[in-house]
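Novice: could you work out the structure for the sequence below:
(one chain, ligands or ions: 1)
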Amino acid sequence: MGIGIVYRVGRKVLGVLATVARSERALMAEVLAPRQGNAVLRRQVARVRHEPTERAWFAALSASGCASQRVCTRSTGAPRRSHIDIYVWRHPMAADLEQGTARAAQGMHFDASLDCWVVDGYAEAVAVMREPALEIPLLPLPAAHLADSEQATLTPLWKQAMDTPLYSSGKAHRRLRAQLRGPFTHDAVDRWRPTIRRVADAAIDACTPCGKLEVIEDVAGPLLRQVMAEVVGIPQDRRAEFDLLANASMDAGKLATPQWSSAVLVEAARAVEQLGDLVHDLLGRADELPTGSVLARAAARRGADGGLSESELATNVRSLYTSGVYTTVFLVASAAYLLFCDEDVLREARRDDTVIRGVVHETLRYACPAVETNIRRATRDISIGMQTIRRGQFVRTAVLYANRDPQRFDAPDLFDHRRPSQGPSLAYGVGPHVCLGNHLATAVAEEVLRALAQPRRDVRLDTPHPTFHRRAAIPVMWGPDRVHLKLGPN
Ligand code: HEM
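Specialist: So this is what the prediction gives:
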């Protein structure tokens with residue numbers, strides 16, 4: 001028995017060391033010089049590893065908008081230990097798998113150490129995301145990590161996820177999408193563009209006197225909070241309150257990070273309740289809701305067949321807001337970096353406004369902000385290519401790799417904004433769960449880049465250059481921590 005204990009403790013210690021070393025490699029690749037950007041990013045993408053399956057729980061939480069969206073980087077001074085805690089924190093599903101590493105295979109393979117299928121080929125990724133028998137599971141709560149009282153507080157928050165499109169399927173999923181889709185269609189997004197551009201211009205102009213700006217803090221973050229509040233339907237006078245509550249509600253995702261405490265959870269639960277009250281108030285002042293927004297449309301349809309209940313609306317308004325803000329910020333930052341790190345592309349963009357569209361499109365493929373889509377679970381045996389996925393097995397799809405599949409894209413490790421279309425990037429997923437906000441996210445990135453590339457602003461890349469890495473609290477996301485720019489005289 002003594003030997004058994006020593007063996008288990010030894011394994012655990014080795015596991016911790018292995019995962020820490022791996023996370024260091026995966027997270028800390030530096031972008032050294034702008035002109036080398038492509039080459040450096042090319043090397044980085046090979047270093048992003050599939051991590052043990054317990055992280056699936058975090059992926060699931062993040063995508064539902066429940067996870068903490070705190071951007072934990074060296075520059076915010078947040079403790080690095082949080083990575084370690086996430087890596088060693090074990091989901092029951094992943095017991096004993098902390099030693100696992102996956103091969104960087106093209107296609108798909110079953111990784112015994114991760115206890116799931118790993119998909120990194122383009123065609124296989126598309127097949128997985130389109131397969132209705134592969135559902136996005138609402139994974140069980142990690143009871144071992146929570147006191148009974150915490151479990152009781154967290155369960156209702158977690159169950160709310162079932163009212164979002166991501167965690168629903170079939171008829172329920174179609175109903176939710178149909179009810180929420182209005183503000184996110186191509187045409188609707190074109191109507192938001194002038195607002196997006198106005199907010200972008202104002203944010204950049206506010207930085208002009210100091211001659212520099214940081215894309216995430218000064219432009220993308222504040223812009224996305226404003227635009228997403230407008231799109232979901234929060235009137236100006238309630239936005240600060242709404243933002244605070246939405247962020248507090250996501251803190252439930254700080255589970256197993258050093259920031260976790262019962263108090264955080266109680267606050268998150270209270271925030272969700274207050275958000276419900278806020279949405280109730282807003283629906284009573286329907287004429288003040290921003291035109292065309294999720295809430296304005298829902299208010300106009302109240303009582304109609306299939307309409308969303310107040311509680312469904314509150315859940316989705318919160319989840320759409322956070323999903324929109326904390327994903328798009330990485331697209332904007334990556335695209336800005338890739339535009340400004342290459343003088344030739346920048347010159348072209350200043351001459352020709354349409355070049356920006358190609359830059360954003362290629363950024364979605366080449367520096368895809370989502371490392372992975374949500375984990376799937378097979379509801380029955382199914383075949384993808386030559387492989388059979390058995391009922392109950394899990395599937396992880398690494399879109400960052402699939403977007404660089406040489407079988408689909410010529411010279412996949414080259415950033416080429418003039419690349420002829422070889423199929424859509426998988427950054428937004430495909431199939432029934434394809435990102436509802438994809439047109440909006442793309443439009444935000446395009447408008448911000450257009451505003452920045454205005455010749456009169458004479459914007460240039462500044463140092464220090466960004467580090468691209470997975471986010472500690474949102475491990476499914478990948479992108480630069482900071483992108484510094486210099487502003488010329490007006
Ligand atoms: C660059 C920014 C974004 C990226 C990279 C992104 C990525 C994704 C991906 C990969 C999925 C599919 C997940 C899966 O199949 O497992 C997804 C779904 C979703 N996204 Fe986005 N997203 C972004 C922006 C947004 C925005 C702005 C919104 C706001 C409306 C949004 C709302 C959603 C929703 C509601 C779903 C679930 C759709 C469903 O299940 O039917 N996303 N997103």
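
Novice: what's the burial count for the residue lying closest to Ala441 once chain neighbours are set aside?
Specialist: Take Ala441 and drop its neighbours on the chain: the residue closest to it by Cβ to Cβ, 6 or more residues apart in numbering is Thr328, 4.4 Å away. All C-beta spots, glycine's among them, are computed from the backbone N, C-alpha and C. For Thr328, the tally of surrounding residues (other Cβ atoms under 10 Å) stands at 25.

Novice: got it, and Arg377?
Specialist: Residues near Arg377, counting by other Cβ under 10 Å: 20.

Novice: element containing it?
Specialist: strand 376-378 (DSSP states H and E).

Novice: residues contacting that strand, please?
Specialist: 128, 131, 133-137, 389-397 (Cβ atoms under 8 Å, 6 or more residues apart in numbering).

Novice: top of these by neighbour count?
Specialist: Result: Thr397 is most packed of the contacts of strand 376-378 (other Cβ under 10 Å), 29 neighbours.

Novice: quick one, phi/psi of that one?
Specialist: phi -110, psi 120 (degrees, to the nearest 10).

Novice: bridged to it, which residues?
Specialist: Applying DSSP bridges to Thr397 gives these bridge partners: Val119.

Novice: quick one: it from Leu245, how far?
Specialist: Per Cβ to Cβ, to the nearest Å, Thr397 is found 32 Å from Leu245.

Novice: circling back to that earlier point, just the closest of the contacts of strand 376-378 to Trp158, please.
Specialist: Pro137 (12.6 Å; Cβ to Cβ).

Novice: ok, now which ones touch the closest one?
Specialist: 60, 375-377, 394.

Novice: kindly report the same for Gln454.
Specialist: Arg350.

Novice: please redo it, this time with the cut-off set to 10 Å
Specialist: 201, 204, 349-350, 353 (Cβ atoms under 10 Å, 6 or more residues apart in numbering).

Novice: for the residue most central in space within the chain, give me the pLDDT.
Specialist: By Cα atoms, centre = their mean, the mean C-alpha position of the chain lies nearest to Thr327, the distance being 3.8 Å. We have a pLDDT of 91 for Thr327.

Novice: surely it is in contact with Leu224?
Specialist: Yes. The pair Thr327 / Leu224 is scored as a contact, 9.3 Å apart, by Cβ atoms under 10 Å.

Novice: show me the common contact partners of those two, please.
Specialist: Common neighbours of Thr327 and Leu224 (Cβ under 10 Å, 6+ apart) are Ala441.

Novice: tell me how many other residues surround Glu267.
Specialist: 16.

Novice: gap between it and the ligand?
Specialist: Glu267 is 24 Å from the ligand, where distance means Cβ to the nearest ligand atom, to the nearest Å.

Novice: equivalent analysis for Leu308, please.
Specialist: For Leu308, the distance to the ligand - Cβ to the nearest ligand atom - is 13 Å.

Novice: dump the residue contacts of that residue.
Specialist: Counted by Cβ under 10 Å, 6+ apart, Leu308 has contacts 163, 175-176, 179-180, 294, 297-298, 301-302, 314-317.

Novice: inside helices: which ones of these?
Specialist: 175-176, 179-180, 294, 297-298, 314-317 (DSSP state H).

Novice: follow-up on the earlier one: isn't the residue nearest to Ala441 up against Val219?
Specialist: No. With contact defined as Cβ under 10 Å, Thr328 and Val219 do not form a contacting pair (11.8 Å).

Novice: on that earlier part again, quickly find the element holding the residue nearest to the centre of the chain.
Specialist: Per DSSP H and E: helix 310-340 holds Thr327.

Novice: then Leu485?
Specialist: strand 484-486.

Novice: quick one on the thing from earlier: which residues do Thr328 and Val219 both contact?
Specialist: Val448.

Novice: out of the ones in helices among the contacts of Leu308, who has the most neighbours?
Specialist: Ranked by neighbours (other Cβ under 10 Å), the ones in helices among the contacts of Leu308 are led by Val317, which has 28 neighbours.

Novice: circling back: so which of the contacts of Gln454 sit within helices?
Specialist: 201, 204, 349-350.

Novice: whichever of these end up buried, select them in ChimeraX.
Specialist: Applying 16 or more other Cβ atoms under 10 Å to the ones in helices among the contacts of Gln454, the buried members can be selected in ChimeraX as follows:
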select :201,204,349,350
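
Novice: any idea which of the ones in helices among the contacts of Gln454 is closest to Met228?
Specialist: Distances from Met228 to the ones in helices among the contacts of Gln454, taken by Cβ to Cβ, are shortest for Asp201, at 18.1 Å.

Novice: my guess is that closest one contacts Ala451. True?
Specialist: Yes. Using Cβ under 10 Å, Asp201 is in contact with Ala451, at 5.3 Å.

Novice: list residues touching both of these two?
Specialist: Common neighbours of Asp201 and Ala451 (Cβ under 10 Å, 6+ apart) are Arg457.

Novice: thinking again about what came up before, so which elements touch the strand holding Leu485?
Specialist: Here strand 484-486 touches strand 212-214, helix 310-340, strand 460-461, going by 3 or more Cβ pairs under 10 Å, 6 or more residues apart in numbering; DSSP states H and E.

Novice: list the strands paired with that strand, with their directions.
Specialist: For strand 484-486, pairing defined by DSSP bridges yields strand 212-214 (antiparallel), strand 460-461 (antiparallel).

Novice: residue in this structure nearest to the ligand?
Specialist: Gly437 (2.2 Å; Cβ to the nearest ligand atom).

Novice: do I have it right that Gly284 meets Ala299?
Specialist: Yes. Judged on Cβ under 10 Å, Gly284 makes contact with Ala299 at a distance of 9.2 Å.

Novice: what's the pLDDT at His469?
Specialist: 69.

Novice: pLDDT weak spots in this structure?
Specialist: 1-106, 139-145, 253-260, 469-477, 490 (pLDDT under 70).

Novice: close to the ligand: what parts of this structure are there?
Specialist: The chain has residues 129, 136, 165-166, 177, 184, 320, 323-324, 327-328, 331, 369-370, 373-374, 427-429, 433, 435-437, 440-441 near the ligand, with proximity defined as Cβ under 6 Å from any ligand atom.

Novice: which stretches of this protein form strands?
Specialist: Per DSSP state E, the chain carries strands over the ranges 108-111, 116-119, 134-135, 212-214, 376-378, 382-384, 387-389, 394-397, 460-461, 468-470, 478-480, 484-486.
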